[in-house]
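**Q** just a sequence and a predicted model for now, questions to come.
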Amino acid sequence: MSDFSILPNGDDSADEHDHQPRHPKPRKGTWLRRTLAVLAVVLLVIVGAGVLYAVTIERSVSKNIHRETNYMPAETPTAKGQSPRPQKPTEGPGSETLNYVLMGSDTRDPEAEQGRSDTLMVVHLNAERNQAYIVSFPRDMWVNIPGHGRAKINAAYSYGGPQLAVATLESLVNVRMDHLAVVDFGGFISLTKDLGGVTIHNDHAFSSHGYKFPTGNITISGDEALWFVRERHHLPNGDLDRAANQRKVVQAIVKKGLSGDTISDPRKFTAFVGGIAKYLTVDQSLTDSEIRKTALSLRLSSSNVHQLQAPIQGFGTSSDGQSIDVVDEAKLKELSKALKNDTMDKYLAKYPKG
């Protein structure tokens, strides 16, 4: 018997009279070599500056980022009811993709549930590194938590910390997660102020804590942006709309951070990257060299960062009276296949919102 009910839902030719001695005319090959030598020096200066820039950025990350052991699930089951972790394909496009779990809670939000992950996303990089997909998992999704039975997905963190939260996601989508980043989400959103505000399109007009958010394109920063991503009670679809707003602001921060104005200003871009690192705690396998390798492989533009939501079919009530989001199992299987086979472009074309 079901344990929930569903509700719908970018020529030096000398004059012959000139008796002054003349310098021999340089041979073409000599001229060409000198020109190439000058160009080589210029290129070395440019590359040298680029390397220095890269080193500065890397130092900024290393200085600010935090790492923890035991963030990822064990390769073999450690608790009753858990299954071995999904294996990554060893060949084909799917073997070159990267999946990052982005998880966090706004510790300054009085409504955040202590001990539970308030924000849960998977950031998927395709094999060519020219497309990124941010998939959010609503915290009220009713799923199986390995070893604990069915519950809201955000409860996995309180039951078994980051390891169980990642294991729950892997079990849900049957796809290997490569790394985990736990984020101080409120601090991360505060980067909007450092960037001079970010612009997003707001679908639903609402007010929250003295701030008004009309429909259409709006520019937000600082505390205003924080309340924009915190609010759920005054939104028609509650936590689903809040998750959508969180994805929009994350995407806007990335877009502004990767803009020409930011990247062309070394100090500004270094501060931006360092600012992100400041609010991240990652698994120990996500080393500086791994971050550098991935960063150098990226061919992303801001328009190639896509946002969508894990599929649900409606809202319901659990057998113990909790309001829940019911998973759309058929669409979830398609999402799983797309993540595994590097065909998220086709999935997004079919389901623009997930």
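**A** Structure received.
**Q** please count neighbours and contacts with C-alpha atoms only from this point.
**A** Fine.
**Q** where along the stretch 1-150 of the chain do the helices fall?
**A** 28-64 (DSSP state H, counting those that start in this stretch).
**Q** what about it, any weak spots by pLDDT?
**A** 1-36, 38-53, 77-82, 105-117 (pLDDT under 70).
**Q** separation between the residue lying closest to residue 64 once chain neighbours are set aside and residue 183?
**A** In space, and not counting its chain neighbours, residue 64 is closest to residue 278: 4.7 Å by CA to CA, 6 or more residues apart in numbering. Going from residue 278 to residue 183 by CA to CA, to the nearest Å gives 9 Å.
**Q** likewise for residue 333?
**A** 28 Å.
**Q** in terms of neighbours, single out the busier of these two.
**A** Applying other CA atoms under 10 Å to residue 333 and residue 183 shows that residue 183 carries more neighbours, namely 23 against 15.
**Q** what sits against that one?
**A** The neighbourhood of residue 183, defined by CA atoms under 8 Å, 6 or more residues apart in numbering, consists of 102-105, 279-281.
**Q** how about the strands in the stretch 51-200 of the chain?
**A** Using DSSP state E, counting those that start in this stretch, the strands of the stretch 51-200 of the chain run over residues 66-68, 98-104, 119-125, 132-136, 142-145, 149-152, 179-183, 198-202.
**Q** what about the residue nearest to residue 64, neighbour count?
**A** Neighbour count of residue 278, defined by other CA under 10 Å: 20.
**Q** same deal with residue 157?
**A** For residue 157, using other CA under 10 Å, the count is 20.
**Q** cool, and residue 314?
**A** Neighbours of residue 314 (other CA under 10 Å): 15.
**Q** could you measure it against residue 154, distance?
**A** Using CA to CA, residue 314 is found at 18 Å from residue 154.
**Q** over to residue 215?
**A** According to CA to CA, residue 215 and residue 154 sit 29 Å apart.
**Q** what of residue 98?
**A** For residue 98, the distance to residue 154 - CA to CA - is 23 Å.
**Q** higher neighbour count, the two?
**A** Counted by other CA under 10 Å, residue 98 and residue 154 do not tie: residue 154 has more neighbours, with 26 against 22.
**Q** was I right to think the more buried one contacts residue 139?
**A** Yes. Shown here, residue 154 and residue 139 form a contact pair, counting by CA atoms under 8 Å, at 5.0 Å.
**Q** can you pull up the most central residue in this protein?
**A** Centrality entry for the chain: nearest residue to the mean C-alpha point is residue 123, 4.8 Å, by CA atoms, centre = their mean.
**Q** how close does that residue sit to residue 223?
**A** In terms of CA to CA, residue 123 sits 25 Å off from residue 223.
**Q** same check on residue 338?
**A** Residue 338 sits 37 Å away from residue 223, going by CA to CA.
**Q** cool, residue 330 as well?
**A** 39 Å.
**Q** and the two? which has more neighbours close in?
**A** residue 223 (15 against 11).
**Q** residues contacting that one?
**A** Contact partners of residue 223, counting by CA under 8 Å, 6+ apart, are residue 190.
**Q** residue 136 too?
**A** Residue 136 makes contact with 119-122, 243-244, 247, 307-310 under the criterion CA under 8 Å, 6+ apart.
**Q** over to residue 228?
**A** Each residue near residue 228 by CA under 8 Å, 6+ apart is listed here: 208, 213, 245.
**Q** what's the ChimeraX line that selects buried ones from those?
**A** Command for ChimeraX that selects the buried part of those, burial taken from 16 or more other CA atoms under 10 Å:
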select :213,245
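**Q** mind putting the contacts of residue 228 into JSON lines with distance to residue 163, pLDDT and secondary structure?
**A** Output for those, formatted as JSON lines (distance: CA to CA, whole Å; pLDDT from 0 to 100; DSSP: H, G, I helix; E, B strand; the rest coil):
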{"residue": "208", "distance to residue 163": "34", "pLDDT": "94", "secondary structure": "strand"}
{"residue": "213", "distance to residue 163": "37", "pLDDT": "98", "secondary structure": "strand"}
{"residue": "245", "distance to residue 163": "27", "pLDDT": "92", "secondary structure": "helix"}
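**Q** how about the contacts of residue 228 in CSV, adding distance to residue 254?
**A** Output for these, formatted as CSV (distance: CA to CA, whole Å):
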residue, distance to residue 254
208, 24
213, 21
245, 14
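**Q** with respect to residue 146, which of the contacts of residue 228 is nearest?
**A** For the contacts of residue 228, the minimum distance to residue 146 (CA to CA) is 29.3 Å, reached by residue 245.
**Q** so how far is residue 180 from the residue nearest to that closest one when sequence neighbours are not counted?
**A** Once flanking residues are discounted, residue 245 sits nearest to residue 229: 5.7 Å by CA to CA, 6+ apart. Going from residue 229 to residue 180 by CA to CA gives 21 Å.
**Q** residue 202 too?
**A** 29 Å.
**Q** neighbour count winner among these two?
**A** Ranked by neighbour count (other CA under 10 Å), residue 202 and residue 180 place residue 180 first, with 26 against 18.
**Q** OK, contacts around the nearest residue to the more buried one once chain neighbours are set aside?
**A** Distances taken as CA to CA, 6+ apart place residue 101 nearest to residue 180, at 4.7 Å, with adjacent residues excluded. Applying CA under 8 Å, 6+ apart, we find residue 101 in contact with 120-123, 166, 177-181.
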